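Novice: sequence? don't have it. structure:
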């Protein structure tokens with residue numbers, strides 16, 4: 001199970017992000033963040049497979065559906081050791097801080 005906990009300009013992602021969760025989240029991806037979300041904190045994300053990583057990368061420039069257009073480039077921060085291995089394997093370090 002995956003949760004998104006919005007705390008002002010930071011959203012903390014917790015749980016596991018697998019292909020099954022991505023299938024469920026994709027249709028409502030524009031509703032997961034507020035227009036003010038600038039940082040997506042992955043410190044509580046226990047696991048992500050390749051589909052989960054693809055979704056995380058999509059979150060960086062995702063526009064939100066709260067009626068406000070946003071040009072905010074979000075930051076993905078604090079990846080777990082497991083996620084760091086995938087980041088390195090697929091050469092995605094430019095997307096993660």
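Specialist: All right, it came through fine. Since we're looking at a predicted model, the values are computed, not measured.

Novice: all contacts plus neighbour counts: C-alpha atoms, from now on.
Specialist: Fine.

Novice: show me where the chain has strands.
Specialist: For the chain, applying DSSP state E gives strands covering 2-7, 10-17, 39-48, 75-77.

Novice: quick one: contacts for residue 42?
Specialist: Counting by Cα atoms under 8 Å, 6 or more residues apart in numbering, residue 42 touches 12, 13, 14, 76, 77, 78, 79, 80.

Novice: show me the contacts for the third one.
Specialist: For residue 14, the set of contacting residues under the criterion of Cα under 8 Å, 6+ apart consists of 2, 3, 4, 42, 43, 44, 45, 46.

Novice: what's the nearest residue to the third one if we skip its chain neighbours?
Specialist: Once flanking residues are discounted, residue 4 sits nearest to residue 13: 4.8 Å by Cα to Cα, 6 or more residues apart in numbering.

Novice: wait, isn't that neighbour in contact with residue 2?
Specialist: Yes. Counting by Cα atoms under 8 Å, residue 13 touches residue 2, with 7.1 Å between them.
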